[in-house]
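Chemist: predicted model and sequence follow; I will ask about them next.
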Amino acid sequence: MTKPPGKLLPLVAALLCGAVLAQAAKPSDQSVASAAPAVQTAAHAPLNVPVTARPTHPSSRPGPKKHQSRQQRTTAPADDWNLTGHGKVLYLTFDDGPQPEWTPKVLQVLRKHKAKATFFVLGIQVAQFPELVTLERAAGHHVGNHTWDHKTLTLLPDAKMRQEITSGVKSKCLRPPTGATNAKIQATAAAVHQRQVLWDVDTKDWTKPGVAKIEHALLAGARPGAVILMHDGGGNRSETVTALDQALTKLTKQGYTYRALPC
Ligand SMILES: [Zn+2]
């Protein structure tokens, strides 16, 4: 007597699923592995690269200036992530670093306010300033992938898009540059076990609107579980540092605490 198909199907499905997963994982592992030597080699680059050195500075490119693109709010980052279930918790995030002048200042402010945050770093910056990522992690912050060098993923051919993602820092989270994304990018990230994380509150700090406006964006946008977008790279971030310090003083008095995303 033959076995009922109902008992075979789960087995077949499991085998097929395993095969698909194995195939999906393989190229990404190779990509990550092949990217690693480049990072390590570049890590020997001098650390005193001028802040204003445009060729090495991602923010002087048009990419970051599109951070206010409308796509940013099409995907809520917290939908199935239970970020809102912890009371008055804010998730501060800093993009486009690490950067030798401003990242340490942001870290100093976070330390002062006993805040944990998430840094979405660029692979090309990590390659130049790996010790800053070490500092971030040592202080209890988390690190997310902001791709290799801030190309707009939606404009790239598939293979190049995948390369931008897999050559970024290893993390459980991906924030696509400028927030420009689509289903294919999300699927590519998911295949390498990276969750796409956008944001709820855009401080628009990269536009250098003045300390008061950045602070206002932080205070006005604060609500339990909110993911807040700021930048520690991409240009002069003195306004960000000051606004962050002032806003955290007030938000802490309101009962807020600050956690790193589960990246
Ligand atoms: Zn960015």
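Modeler: Noted; the coordinates are in hand.

Chemist: in the protein, what residue spans correspond to strands?
Modeler: For the chain, the strands defined by DSSP state E cover 89-95, 117-121, 142-145, 173-174, 195-196, 201-202, 227-231, 257-258.

Chemist: pairing partners for the fifth one, with directions?
Modeler: Strand 195-196 has the following sheet partners, assigned by DSSP bridges: strand 173-174 (parallel).

Chemist: quick one: contacts of the partner strand?
Modeler: 118, 120, 142, 144-147, 165, 168, 189, 194-197, 261, 263 (C-beta atoms under 8 Å, 6 or more residues apart in numbering). For glycine as for every other residue, the C-beta is placed from the backbone atoms N, C-alpha and C.

Chemist: which residue does this protein have closest to the ion?
Modeler: Proximity of the chain to the ion (C-beta to the ion) peaks at residue 95, 4.0 Å away.

Chemist: apart from its neighbours in sequence, what residue is nearest that residue?
Modeler: Closest residue to residue 95 apart from its sequence neighbours, by C-beta to C-beta, 6 or more residues apart in numbering: residue 120 at 4.6 Å.

Chemist: near the ion, which residues of the stretch 151-263 of the chain are found?
Modeler: Neighbours of the ion within the stretch 151-263 of the chain, by C-beta under 5 Å from the ion: residue 177.

Chemist: tell me where the model's unsure across the stretch 151-263 of the chain.
Modeler: Along the stretch 151-263 of the chain, the model assigns pLDDT under 70 to no residue.

Chemist: just the helices from it, written as ranges.
Modeler: 158-166, 183-191, 211-221, 238-253 (DSSP state H, counting those that start in this stretch).

Chemist: returning to that earlier point: just the strands of the chain: most buried one?
Modeler: Highest mean neighbour count among these (mean count of other C-beta atoms under 10 Å): strand 117-121, with a mean of 28.

Chemist: count the residues that sit near the closest residue to residue 223 other than its chain neighbours.
Modeler: Excluding the flanking residues, the one nearest residue 223 by C-beta to C-beta, 6+ apart is residue 200, at 8.0 Å. Residues lying near residue 200 (other C-beta atoms under 10 Å) number 21.

Chemist: how near is residue 200 to residue 177?
Modeler: Using C-beta to C-beta, to the nearest Å, residue 200 is found at 18 Å from residue 177.

Chemist: which of the strands of the chain sits closest to residue 220?
Modeler: With C-beta to C-beta as the measure, strand 201-202 is the member of the strands of the chain nearest residue 220 (8.2 Å).

Chemist: so which elements touch that closest one?
Modeler: helix 211-221, strand 227-231 (3 or more C-beta pairs under 8 Å, 6 or more residues apart in numbering; DSSP states H and E).

Chemist: can you pull the contacts of residue 186?
Modeler: residue 196.

Chemist: hey, C-alpha coordinates of stretch 153-160 in CSV?
Modeler: Written as CSV, here are the backbone C-alpha positions of stretch 153-160 (Å, rounded to 0.1, in the frame of the first residue of the first chain):
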residue,chain,number,x,y,z
LEU,A,153,19.7,50.9,-5.7
THR,A,154,16.6,51.3,-7.8
LEU,A,155,18.6,52.7,-10.7
LEU,A,156,21.1,49.8,-10.8
PRO,A,157,21.1,46.6,-12.9
ASP,A,158,20.2,43.6,-10.7
ALA,A,159,23.8,42.3,-10.4
LYS,A,160,25.2,45.7,-9.4
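
Chemist: any buried residues in it, and which?
Modeler: By neighbour count on 16 or more other C-beta atoms under 10 Å, the buried set for stretch 153-160 is 153, 154, 156.

Chemist: and what of stretch 112-130?
Modeler: 113, 115-130.

Chemist: if you look at it, does any of it touch the ion?
Modeler: No - contact of stretch 112-130 with the ion (C-beta under 5 Å from the ion) is absent, the minimum separation being 7.0 Å.

Chemist: quick check: end-to-end length of that stretch?
Modeler: Distance across stretch 112-130, first residue to last, is 23 Å (C-alpha to C-alpha, to the nearest Å).
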